[in-house]
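[1] Next come a sequence and a model predicted from it.
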Amino acid sequence: MEIKAGKYILRSDAQCYWIEQMRISEKTGKETSVRVSGYYSKLEDLFVSFLERKTRDSDKVEMEAVLKEINTALEDAKAIIRAYVEKKTK
């Protein structure tokens with residue numbers, strides 16, 4: 001499975017799910033995908049990991065900035081879930 005949602009791609013194989021993020025490589029200047037969460041057999045575990053990593057990787061020190069980053073991570077997760085549901089209901 002490969003489901004695109006903004007800058008993220010939800011992927012799976014027969015065993016697990018993972019999320020990749022599209023980024024521009026600093027070395028080549030080309031767009032590439034980087035795994036940001038995975039590999040989990042349950043979608044619930046995948047999204048818990050995704051949200052934890054997005055907030056733990058934050059370098060913010062002001063509470064308002066941290067909360068904004070958490071909100072962005074939640075909105076990203078919702079967008080990925082919506083794309084997954086849309087694909088599965090087609």
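    That came through fine. Numbering: from 1, shown residues only.
[2] what's near enough to touch E20?
    Going by CB atoms under 8 Å, 6 or more residues apart in numbering, E20 touches Y8, I9, R11, S33, V34, R35, V36. (C-beta placed from N, C-alpha, C; glycine too.)
[3] which residues in the chain form helices?
    For the chain, helices defined by DSSP state H occupy the ranges 43-56, 63-89.
[4] Just say which of those helices is most tucked in.
    helix 43-56 (a mean of 16; mean count of other CB atoms under 10 Å).
[5] tell me the angle of that one relative to helix 63-89?
    150 degrees (axes from the mean of the first three to the mean of the last three CA atoms, to 10 degrees).
[6] Among the contacts of E20, which one sits closest to S25?
    Checking the contacts of E20 against S25 with CB to CB, the nearest one is V34 at 9.2 Å.
[7] Which residue lies nearest the spatial centre of this structure?
    Taking CA atoms, centre = their mean, the centroid of the chain lies closest to I19, which sits 4.9 Å from it.
[8] and the residue lying closest to K54 once chain neighbours are set aside, how far is that from M22?
    With sequence-adjacent residues excluded and distances taken as CB to CB, 6 or more residues apart in numbering, K54 is closest to A73, at 3.7 Å. As defined by CB to CB, to the nearest Å, A73 lies at a distance of 16 Å from M22.
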